[in-house]
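Q: how would this look folded up:
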Amino acid sequence: MSTAASLTAPDYAVLARDIKRWAIELGFAEAGISGTELGEDEQHLNRWLEDGHHGEMEYMARHGAKRSRPAELEPGTQRVISVRMDYIPPGTHNAWAVLEDGEAGYVSRYALGRDYHKLMRSRLQKLAERIHAVVGDFGYRAYVDSAPVLEKALARNAGLGWIGKHTVLINRRAGSYFFLGELYTDLPLPVDTPASAHCGSCSRCIEICPTQAILGPYRLDARRCISYLTIELKGSIPEELRAPMGNRIFGCDDCQLICPWNKFAQEATEPDFAPRHSLDGAKLVELFGWSEEAFLKHTEGMAIRRTGYEGWLRNIAVALGNAPSSAAVTAALQARATHTSSVVREHVQWALARHHG
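A: Below you'll find the model as predicted:
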């Protein structure tokens with residue numbers, strides 16, 4: 001980072017207020033500013049890694065302390081500007097209704113529309129340009145889930161919400177359906193007051209988890225989490241976890257759907273987050289029939305691409321195994337019984353056995 005231009009303390013206070021206003025003008029729902037101290041969060045992360053709860057996500061341990069020490073990731077960092085952006089678009093099918101429809105595939109609400117990474121990074125860049133117009137050259141780096149960053153801890157410290165018992169950030173005015181992004185900077189801006197926790201004695205998120213991945217308050221075993229199983233895991237899904245997955249084919253929202261604070265969730269203002277290709281309730285048989293070419297075409301610019309075509313078929317095979325028995329389900333599974341992927345074949349055979357023994 002280069003050295004920030006010289007400003008007086010009162011100017012930085014004004015600049016901080018302007019930054020928050022500019023962030024909203026650029027389409028973010030809220031912005032806050034934090035320092036870089038994450039000692040307790042680093043200890044929590046290290047315990048989580050030592051327990052092996054990250055599963056195959058080796059990248060969580062790959063960068064050492066850089067994840068919890070912003071100034072080691074980006075030298076010169078003094079402050080972190082955290083932003084959030086709501087992602088539930090108006091008109092989306094009721095999530096519970098889709099989950100209860102065994103013939104439909106459930107896609108996590110955040111992944112129904114355009115992939116948020118490039119969109120938010122572009123807007124963070126525009127925010128940096130507005131700051132530059134005022135202060136001149138300054139050091140910064142924008143991140144949107146693209147580097148080892150403890151984004152939830154930073155957002156909490158910036159006052160954007162508290163980390164709930166399900167380990168998701170909750171805002172008392174907007175629930176938890178929002179994306180996070182960060183602008184690391186060398187500007188000595190005044191910091192905001194960290195958010196206080198308001199989960200109280202509620203444990204609904206722990207109780208509803210289909211695979212019991214939330215071991216206790218603030219303790220998530222990713223190896224059991226459906227989001228991990230359908231996105232991060234590249235091989236076979238443990239057999240004992242397949243039936244609890246139900247019809248969830250990409251991610252899982254149950255712990256958020258049940259959270260009382262999401263009665264305050266705000267609808268997205270970004271049109272690109274609207275569902276594409278009717279993926280907020282498409283039929284499993286139809287989705288399972290997509291060729292790889294169709295999968296790539298229909299998921300262009302979407303987070304669903306992350307699972308890959310093989311993972312897509314694997315996930316849907318599990319959901320079809322959990323679907324109501326029908327001739328259409330059997331025919332769809334049998335059509336993939338000799339697929340070139342051993343992972344797909346394994347899950348198809350499991351699904352067929354569920355229907356026919």
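
Q: just the helices in the stretch 251-357 of the chain please.
A: Defined through DSSP state H, counting those that start in this stretch, the helices belonging to the stretch 251-357 of the chain, from first to last, are 254-257, 284-288, 292-298, 308-322, 327-335, 342-356.

Q: Looking at these, spot the one closest to Gly235.
A: Taking C-beta to C-beta, helix 342-356 is the member of the helices of the stretch 251-357 of the chain nearest to Gly235, at 6.2 Å. To be clear about C-beta, it is placed using only N, CA and C from the backbone, and glycine gets the same treatment.

Q: what's His277 in contact with, if anything?
A: Contact criterion C-beta atoms under 8 Å, 6 or more residues apart in numbering gives His298 as the residues in contact with His277.

Q: Okay, it and Leu333: tell me how far apart.
A: From His277 across to Leu333, the span is 22 Å (C-beta to C-beta, to the nearest Å).

Q: Switch the helices of the stretch 251-357 of the chain over to JSON lines; also include mean pLDDT and distance to Ser203.
A: Converted to JSON lines, the helices of the stretch 251-357 of the chain look like this (pLDDT from 0 to 100; distance: least, C-beta to C-beta, whole Å):
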{"stretch": "helix 254-257", "mean pLDDT": "98", "distance to Ser203": "11"}
{"stretch": "helix 284-288", "mean pLDDT": "98", "distance to Ser203": "32"}
{"stretch": "helix 292-298", "mean pLDDT": "97", "distance to Ser203": "38"}
{"stretch": "helix 308-322", "mean pLDDT": "98", "distance to Ser203": "26"}
{"stretch": "helix 327-335", "mean pLDDT": "98", "distance to Ser203": "36"}
{"stretch": "helix 342-356", "mean pLDDT": "97", "distance to Ser203": "31"}
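
Q: Identify, out of these, the most deeply packed stretch.
A: Greatest average neighbour count among those goes to helix 308-322 (a mean of 24), per mean count of other C-beta atoms under 10 Å.

Q: Could I have the CA atoms of it written out in PDB?
A: The C-alpha trace of helix 308-322 is given here as PDB (Å, rounded to 0.1, in the frame of the first residue of the first chain):
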ATOM      1  CA  GLY A 308     -19.200 -28.400 -11.600                       C
ATOM      2  CA  TYR A 309     -21.300 -30.600 -13.900                       C
ATOM      3  CA  GLU A 310     -20.300 -33.800 -12.100                       C
ATOM      4  CA  GLY A 311     -21.300 -32.300  -8.700                       C
ATOM      5  CA  TRP A 312     -24.500 -31.000 -10.200                       C
ATOM      6  CA  LEU A 313     -25.500 -34.500 -11.300                       C
ATOM      7  CA  ARG A 314     -24.400 -36.100  -8.100                       C
ATOM      8  CA  ASN A 315     -26.500 -33.700  -6.000                       C
ATOM      9  CA  ILE A 316     -29.600 -34.100  -8.100                       C
ATOM     10  CA  ALA A 317     -29.200 -37.900  -8.000                       C
ATOM     11  CA  VAL A 318     -29.300 -37.700  -4.200                       C
ATOM     12  CA  ALA A 319     -32.400 -35.500  -4.400                       C
ATOM     13  CA  LEU A 320     -34.100 -37.900  -6.800                       C
ATOM     14  CA  GLY A 321     -33.300 -40.700  -4.400                       C
ATOM     15  CA  ASN A 322     -35.300 -38.800  -1.800                       C
END
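
Q: what distance separates it from the centre of its chain?
A: Centroid separation between helix 308-322 and its chain, computed with C-alpha atoms, centre = their mean, to the nearest Å, is 20 Å.

Q: can you check stretch 120-136 too?
A: Offset of stretch 120-136 from its chain centre (C-alpha atoms, centre = their mean): 24 Å.

Q: For it, which residues meet the burial criterion?
A: Under the neighbour-count criterion of 16 or more other C-beta atoms under 10 Å, stretch 120-136 has 120-121, 123-124, 126-128, 131, 135 buried.

Q: now those in CSV, with pLDDT?
A: Putting these into CSV (pLDDT from 0 to 100) gives the following:
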residue, pLDDT
Met120, 97
Arg121, 97
Arg123, 98
Leu124, 98
Lys126, 98
Leu127, 98
Ala128, 98
Ile131, 97
Val135, 93
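
Q: so which of these would you say is closest to Ala197?
A: The closest of the buried residues of stretch 120-136 to Ala197 turns out to be Met120 (C-beta to C-beta; 25.6 Å).

Q: Does that closest one belong to a helix, a strand or coil?
A: helix (DSSP: H, G, I helix; E, B strand; the rest coil).

Q: quick one, what contacts it?
A: Contact partners of Met120, counting by C-beta under 8 Å, 6+ apart, are 83, 85, 144, 179, 181.

Q: Rebuild those as JSON lines, extending it with secondary structure.
A: Formatted as JSON lines, the entries for those read as follows, by three-state DSSP:
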{"residue": "Val83", "secondary structure": "strand"}
{"residue": "Met85", "secondary structure": "strand"}
{"residue": "Val144", "secondary structure": "coil"}
{"residue": "Phe179", "secondary structure": "strand"}
{"residue": "Gly181", "secondary structure": "strand"}
